[in-house]
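Peer 1: Next comes the sequence, and after it the predicted model I'd like to discuss.
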Amino acid sequence: MKSLELLLKDEAATIELGEDLALALKAGDCVALSGDLGAGKSTFARAFIRAMADDETLEVPSPTFTLVQSYDLRIPVAHLDLYRLAEASELDELGFDEALSEGICLVEWPEKAEEVLPADRITLTFSHEGEGRRLRIAAPEAAFNRITRSLAIRSFLTEAGHAGARRRHLSGDASVRAYERIQTHDGEPTKILMDAPKHKPGPILQDGKYYQQLAHIAEDVIPFVAVSKFLRKRGFAAPAIYARDLDQGLLLIEDLGSEGIIDADGRPVPERYIEGARLLARLHAAPAERDIAIAAGVVHRIPDFDRTAIKIETSLLIDWYLPWKRGAPASEAERKDYFAVWDHLIDVLASAERNLLLRDFHSPNILWRASRTGLERIGIIDFQDAMIGPTAYDVAALVQDARVTIDRDLTDRMMDAYIAERRASGAFDEAAFLRDWHLMAAQRNCKLAGIWVRLMQRDGKPGYMKHMPRTFAYLERALSHEVLTPLREWCIKAGILAPESAN
């Protein structure tokens, strides 16, 4: 167990702590709230639950007489008061184990059942000190690290001039990044807090490097700051950055809104997707910058989408998807043939037009700003993994949106819009672009098929598997180009695609 002490100078500080811990705790956390009457336990619990609900007016009655009060929130919360508990064994009757398996349990008067509470619980001990409260937090290392990270974010906001800012969960993603919506002052526009701690090195895979290095995945926030600066200079709507701590991986950035390019039923809004295609055409009409300075002595060099990066991504299909699909790993012969195919395809890409790749230009990372005009209508986020590579890559990512089914009509309209815009801006080799589009679409879908399985098996996130049928429908479309015949034949031979997919 690790511990720390805090001085909560008044009730407002206790409420603020409740909000901060609502962003740090997760399902399975048991929080024991100890202290005398009036020490702040109930104030903390009420603030925690209201923050989790994002409702400052939510009625949070004391569970003194009911013993337990449950809340169906973003993460379910069970608030228990064990003061009237006769025996520790009665905790089972309150549904404690089930509540803890599904959510967070806040337990006041834990001393009444100390012997049956989880040994790895988080303990908050409140005591009176002058006009305020002294708080001691003790927790297992993993939970302690989450708590101290949230407290560090609070300090970052205060140092940026936003003491007392209201923090609310916004989202997480498939990476270690998380986002909060920040209300700094009443009446001011909200801001976004990006919490992006430095990547921890993974297992060495090749040439003394781990996956993030081979695939050129951003390992800190420096690339995001740099690419945002470049995009904004070119007139694109990337978030302004108001405050930053490069070492801690914390950014306070502009809130570009919450309306996306899909409707309430998850269907694409054609006008918005087509405008996204036009934006890419304008981005590709002028060369990108390679080296971007963001501070004295801090220069980000945008990496190439090189042979190593392309192959390490396509390896996800054979390393993760294929063993899951067949129940057995690929043979050495299959691996040799698969990577030989990709070596040939990468050779083909040597003649491809190259520019900035935003890398994940699809619905989760595109915002629609109806009140704006021109390029300002499309807000761009999540571009920290940007590279220099074939321009067709981002067009493939948008037209074959990994999380949204795009029908053939909208596909054709987006492609036509992009091509027309490129023709209007100067010389453009349409045949080469279409070849590269199919090739990049195939590369991306081979990667995604492996990622969905990896997220399920390694990271405990099975929800992404719902995208697998779409991914393979897109892959089959990509493989229709003659340049990809060797890859299509390999997939059929390996049992990844059915023979009829060749038609």
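Peer 2: Arrived safely.
Peer 1: Where does the prediction get shaky in this protein?
Peer 2: Where the chain drops to pLDDT under 70, the residues are 172-175, 501-503.
Peer 1: Spell out which residues make up each domain of it.
Peer 2: 2-158, 257-502 (automatic domain parsing).
Peer 1: Nearest to Leu250, out of those domains?
Peer 2: Nearest to Leu250 among these is domain 2-158 (4.9 Å), distances taken as C-beta to C-beta. Any C-beta I mention is one placed from the backbone N, CA and C, and that applies to glycine too.
Peer 1: Show me the one of the domains of the chain that comes nearest Gly235.
Peer 2: Nearest of the domains of the chain (C-beta to C-beta): domain 257-502, 5.5 Å.
Peer 1: could you dump the domains of the chain to CSV with distance to Ala240 and mean neighbour count?
Peer 2: Listed next are the domains of the chain as CSV, based on distance: least, C-beta to C-beta, whole Å; neighbours: other C-beta atoms under 10 Å:
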stretch, distance to Ala240, mean neighbour count
domain 2-158, 17, 18
domain 257-502, 11, 18
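Peer 1: Tabulate those domains in CSV, adding columns for distance to Thr184.
Peer 2: CSV is the format used below for the domains of the chain (distance: least, C-beta to C-beta, whole Å):
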stretch, distance to Thr184
domain 2-158, 8
domain 257-502, 17
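Peer 1: For Lys209, which of those is the nearest?
Peer 2: domain 257-502 (8.5 Å).
Peer 1: Pull the contacting residues for Lys41.
Peer 2: Applying C-beta atoms under 8 Å, 6 or more residues apart in numbering to Lys41 gives the contacts Leu33, Ser34, Gly35, Glu108, Leu124, Phe126.
Peer 1: and of the domains of the chain, who's closest to Gln248?
Peer 2: Taking those one by one with C-beta to C-beta, domain 2-158 is closest: 6.3 Å.
Peer 1: which element is the closest residue to Leu23 other than its chain neighbours on?
Peer 2: Counting by C-beta to C-beta, 6 or more residues apart in numbering, Leu23 lies nearest to Ser150, which is 5.2 Å off, once chain neighbours are set aside. Here Ser150 sits within helix 141-159, counting by DSSP states H and E.
Peer 1: now that helix, how far from the chain's geometric center?
Peer 2: Mean-position distance between helix 141-159 and its chain equals 19 Å (C-alpha atoms, centre = their mean, to the nearest Å).
Peer 1: packing partners for that helix?
Peer 2: strand 2-8, helix 11-22, strand 132-139, strand 166-172, strand 191-195, strand 241-245, strand 250-254 (3 or more C-beta pairs under 8 Å, 6 or more residues apart in numbering; DSSP states H and E).
Peer 1: Any buried residues in stretch 156-175, and which?
Peer 2: Within stretch 156-175, the residues that qualify as buried are Phe156, Leu157, Ala160, His162, Ala165, Arg166, Arg167, Arg168, His169, Leu170, counting by 16 or more other C-beta atoms under 10 Å.
Peer 1: Closest one of those to His216?
Peer 2: For the buried residues of stretch 156-175, with His216 as the reference and C-beta to C-beta as the criterion, the closest is Leu170, at 26.4 Å.
Peer 1: ok, and the closest non-adjacent residue to that closest one?
Peer 2: Closest to Leu170 by C-beta to C-beta, 6+ apart is Tyr179, at 4.2 Å.
Peer 1: Give me the secondary structure label for that neighbour.
Peer 2: Three-state assignment for Tyr179 (DSSP: H, G, I helix; E, B strand; the rest coil): strand.
Peer 1: Out of the helices and strands packed on helix 141-159, the one nearest Ala99 is which?
Peer 2: Comparing those under C-beta to C-beta, the one sitting nearest is helix 11-22, at 16.7 Å.
Peer 1: ok, how many other residues are close to Ala238?
Peer 2: 22 (other C-beta atoms under 10 Å).
Peer 1: That one and Val225 touch, don't they?
Peer 2: No. Applying C-beta atoms under 8 Å, one finds Ala238 not in contact with Val225, separated by 10.4 Å.
Peer 1: contacting residues around Met387?
Peer 2: Taking C-beta under 8 Å, 6+ apart as the test, what Met387 contacts is His216, Ile302, Pro303, Asp304, Phe305, Ala309, Leu356, Leu357, Arg359.
Peer 1: can you give me phi and psi for Leu367?
Peer 2: The phi and psi torsions at Leu367 (degrees, to the nearest 10) take the values phi -110, psi 140.
Peer 1: Closest to Leu25 out of the buried residues of stretch 156-175?
Peer 2: For those, the nearest to Leu25 is His169 (11.0 Å; C-beta to C-beta).
Peer 1: so where does the nearest residue to Pro140 once chain neighbours are set aside fall, helix or strand?
Peer 2: Of all residues not flanking Pro140 in the chain, Asp120 sits nearest, at 4.8 Å (C-beta to C-beta, 6+ apart). Asp120 is part of no helix or strand, with elements assigned from DSSP H and E.
Peer 1: quick one: contacts for Asp120?
Peer 2: Cys30, Pro140, Ala143.
Peer 1: Surely Ser171 and Arg181 touch.
Peer 2: No. When contacts are counted by C-beta under 8 Å, Ser171 is not listed as touching Arg181 (9.3 Å).
Peer 1: any idea how far Asp97 is from the most far-flung residue of the chain relative to its centre?
Peer 2: The centre of the chain is farthest from one residue, Ala86, which by C-alpha atoms, centre = their mean lies 45.3 Å away. Noted for Ala86: a distance of 19 Å to Asp97, by C-beta to C-beta, to the nearest Å.
Peer 1: Likewise for Glu489?
Peer 2: 53 Å.
Peer 1: again, but for Val404
Peer 2: From Val404 to Asp97 the distance is 39 Å (C-beta to C-beta).
Peer 1: same question, Asp207
Peer 2: The value you get for Asp207 to Asp97, if C-beta to C-beta is used, is 48 Å.
Peer 1: Ok, Tyr474 next?
Peer 2: 43 Å.
Peer 1: Same check on Ala119?
Peer 2: 14 Å.
Peer 1: Ok, Lys9 next?
Peer 2: 37 Å.
Peer 1: what about Lys311, which helix or strand?
Peer 2: helix 307-316.
Peer 1: what packs against that helix?
Peer 2: strand 204-206, helix 211-215, helix 332-348, helix 430-457.
Peer 1: Go through those and name the closest to Tyr393.
Peer 2: It is, among these and with distance given as C-beta to C-beta, helix 430-457, at 4.3 Å.
Peer 1: now that closest one against helix 307-316, angle please.
Peer 2: Helix 430-457 and helix 307-316 are oriented at 50 degrees to each other (axes from the mean of the first three to the mean of the last three C-alpha atoms, to 10 degrees).
Peer 1: No more questions from me, cheers.
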